[in-house]
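Enquirer: model this:
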Amino acid sequence: MTSETSLDMSGKSVRYEEIFQGGLRIDEKFSNVWLTNLPNLHRECVLKTVASVLGEKVQVGGKVFKVGEETFRDTAHLVALKRFPEDFPLEDGAGKISRIFLRREFIKRWNKHIESLDAEGCSLPRRQIIVSAAGGLGKSVDLYMAAVFSRHCRIPVQYIANTLEWLRKVNDNSQVFSRYLKMLLFMNADILEEMPCFMTTDYDSLNGAPLKDVIYFAMKERDISLVSEIRRFMIQLAPRNMFIIDEHNAFWCNFGRNINRWPDFFRFYAIMEVMDTPYCGVLLAGSRHYRLEDNLPSGYGDIKQYLEPLSFKEFDLWQDLPDYPSILR
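Expert: Just a heads-up that it's a prediction; the model follows:
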């Protein structure tokens, strides 16, 4: 009998860090447990200072920048679910999410995604997943957990939980790109020192500089082309990295149906599901039957994975929790 079938832990509470036992995969014995101690990314953003990540000064590209007392507060809504914190019960004082339900189908999807990123050979599996479901079945919760787990596993991650909020002031380029770059610093704060130095063919003066310093340089110089180079650099990080976008249909809501008329920087988000991304795991979600899903190229239908409603067994574990908010978001 394998460890995945030898112990039924359904309904138990487990610290989320404990489900990774010596690797990146999650044992299916943790199906239907309540995960505890999950970080409240919104609260962390509000409290964390940029200087705590970069230091008091950044010297790069022949320039010196004083970081000052700025925080990640303006990035908080990008990494929080759209109705957060009302969606989850929070621990008193600790600022942690007190529990999230871990479904078996999430475990299978996570493990398959990790396996695809670790695969080698000539015929590689797709690295992209579109989580498809009707509203309220938990797409956003799934992507939030994937982002938190990636960060915990020290996988470089780009995570935008609330795309609509990110694009709300899309005419103010400096704010849109600054919030994106701050998200990179915040989500990868613990591994920035381990990341390779920045390299590109278009910015010789920045080649060999720490990535975190180049990110801050791009924020201060408001260089859109450099932001694109940083994004390209991130998705090429080996052996694996994650690119997670929720509310992905917001791009079509903001820019219209004709992708050729979108701003250059954002066209990337319309084609990322069919890009060749050998190291980058792409995880997207939007409302069911949105434009991206309905117009996938031939042969890409298998990247859609449908999120099923709770089973009877799963629902039985929910009904004893009258204090929990609306079942799934």
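
Enquirer: Now do the helices in this protein.
Expert: 41-47, 51-54, 104-118, 139-152, 163-166, 173-187, 211-221, 224-235, 250-255, 264-271, 291-294, 312-318 (DSSP state H).

Enquirer: Which elements pack onto the fifth one?
Expert: For helix 163-166, the elements it packs on are helix 173-187, helix 250-255, judged by 3 or more Cβ pairs under 8 Å, 6 or more residues apart in numbering; DSSP states H and E. Quick note: C-beta positions are derived from backbone N, CA and C, even for glycine.

Enquirer: which other residues reach that helix?
Expert: For helix 163-166, the external contacting residues (Cβ atoms under 8 Å, 6 or more residues apart in numbering) are 77-78, 82, 160, 176, 179-180, 245-248, 250-251, 253-254.

Enquirer: Could you do the first one as well?
Expert: Contacts with helix 41-47, where a contact means Cβ under 8 Å, 6+ apart, come from 71-73, 75-77, 79-80, 84-85, 95, 144, 147-148, 161, 186.

Enquirer: Please indicate which of those residues are buried?
Expert: 71-72, 75-77, 79-80, 84, 144, 147-148, 161, 186 (16 or more other Cβ atoms under 10 Å).

Enquirer: Could you identify which of the helices and strands packed on helix 163-166 has the lowest mean pLDDT?
Expert: When these are ranked by mean pLDDT, helix 250-255 comes last with a mean of 87.

Enquirer: Could you tell me which residues within stretch 165-181 count as buried?
Expert: 165-167, 176-181.

Enquirer: out of the contacts of helix 41-47, who's nearest Asn40?
Expert: Distance to Asn40, by Cβ to Cβ, is smallest for Gly95 among those, at 5.1 Å.

Enquirer: How confident was the prediction at that closest one?
Expert: For Gly95, the model assigns a pLDDT of 68.

Enquirer: what do you get for Val274?
Expert: 67.

Enquirer: likewise Arg99?
Expert: For Arg99, the pLDDT comes out at 81.

Enquirer: Excluding covalently adjacent residues, which one is nearest to it?
Expert: The spatial neighbour of Arg99 that comes closest, neighbours along the chain excluded (Cβ to Cβ, 6 or more residues apart in numbering), is Trp34 at 4.2 Å.
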